[in-house]
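Q: Fold the following for me, if possible:
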Amino acid sequence: MKTIVHKGNTRGYANYGWLDTHYTFSFADYYDLNRIHFGALRVLNDDLIAGGGGFGRHPHDNMEIVTIVLEGELEHKDSMENTVVIHRDEIQVMSAGTGVFHSEYNKDPKVPISLLQIWVYPRKKNIQPRYDQKVFDPVNRKNKWQRIVSPEGQDTLHINQDAYFSLITLDKDFSSEYFLTDPEHGLYVFVIDGSINIEGIPLEKRDGAGFSELISLSILAERKSEILLIEIPMRF
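A: Below you'll find the model as predicted:
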């Protein structure tokens, strides 16, 4: 098994006043040759948007964009005529495909929004842009994996890549094993909150780690922990 660890305090950082953000991978003015991507996983940004702040209308193309709101309410508008609000426990997936414009705002003047925005290189380029969002009951990830994004869709949100996103909330001293759908894939684990141990590697809140050349991974919670796991193609 190959492993790469990204401690939370080693991530890129920027503060624009309305946006306080950490970059796991190279993004904007943050560049690290050793942190360009992990397989098809290109971006994992940990954003805090101040009350009344937001991203103005801007373009994307040929990227799969997954947004996970941790706290607050995010208003999304796009050129596909979607105007929606995304809440905690609600996941958004947007296939930028041939091109899409969108904006994201915090309409509450006082309460900040905490969210993760994740970009994945697509399996197929220049598809028709697509948008979807879905509520996922947190009860269904208590000490078990809750799949939220997959190429199959069905009970998950669809992504244009052989990638699988899962969430789990582990109680203290509980463990769970994740089995890969494809042994050629890798796993990226991001600790949203808590403290965990993976194969002897301790990870704290906002730490991340990538694992490859494995068929399964066991995670132990040293205290109650909320975890995002992304199974991702290493070759694409």
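
Q: tell me which residues in the helix or strand residue 148 falls within are buried?
A: Under DSSP states H and E, the secondary-structure element containing residue 148 is strand 146-150. Under the neighbour-count criterion of 16 or more other CB atoms under 10 Å, strand 146-150 has 146, 147, 148, 149, 150 buried. Heads up, the C-betas are built off the backbone N, CA and C, glycines and all.

Q: State the distance from the nearest residue to the last one once chain neighbours are set aside to residue 235.
A: Spatial nearest neighbour of residue 150, chain neighbours left out: residue 156 (4.4 Å); criterion: CB to CB, 6 or more residues apart in numbering. From residue 156 over to residue 235 the distance is 23 Å, taken as CB to CB, to the nearest Å.

Q: Output the longest strand belonging to this protein.
A: Taking residue count as the measure and DSSP state E as the definition, the longest strand of the chain comes out as strand 216-233.

Q: elements contacting it?
A: Counting contacts by 3 or more CB pairs under 8 Å, 6 or more residues apart in numbering; DSSP states H and E, strand 216-233 packs against strand 113-120, strand 164-170, strand 175-179, strand 185-198.

Q: picking up where we left off before, share the number of residues neighbouring the residue nearest to residue 150, please.
A: 20 (other CB atoms under 10 Å).

Q: got the contact list for it?
A: Contacts for residue 156 were tallied using CB atoms under 8 Å, 6 or more residues apart in numbering; they are 134, 147, 148, 149, 150, 165.

Q: Now it. Its backbone dihedrals?
A: For residue 156, the backbone dihedrals (degrees, to the nearest 10) come out as phi -120, psi 180.

Q: likewise residue 97?
A: For residue 97, the backbone dihedrals are phi 50, psi -130 (criterion: degrees, to the nearest 10).

Q: ok, it touching residue 126?
A: Yes - counting by CB atoms under 8 Å, residue 97 does reach residue 126; the two are 6.3 Å apart.

Q: about what we covered before: need the contacts of residue 156 in JSON lines (columns: pLDDT and distance to residue 23).
A: Shown next, in JSON lines, are the contacts of residue 156 (pLDDT from 0 to 100; distance: CB to CB, whole Å):
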{"residue": "134", "pLDDT": "97", "distance to residue 23": "26"}
{"residue": "147", "pLDDT": "98", "distance to residue 23": "26"}
{"residue": "148", "pLDDT": "98", "distance to residue 23": "22"}
{"residue": "149", "pLDDT": "98", "distance to residue 23": "21"}
{"residue": "150", "pLDDT": "98", "distance to residue 23": "26"}
{"residue": "165", "pLDDT": "98", "distance to residue 23": "19"}
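
Q: which of the buried residues of strand 146-150 lies closest to residue 220?
A: Proximity of the buried residues of strand 146-150 to residue 220, judged by CB to CB, is greatest for residue 146, which lies at 18.4 Å.

Q: which residues touch that closest one?
A: Each residue near residue 146 by CB under 8 Å, 6+ apart is listed here: 136, 140, 166, 167, 168.
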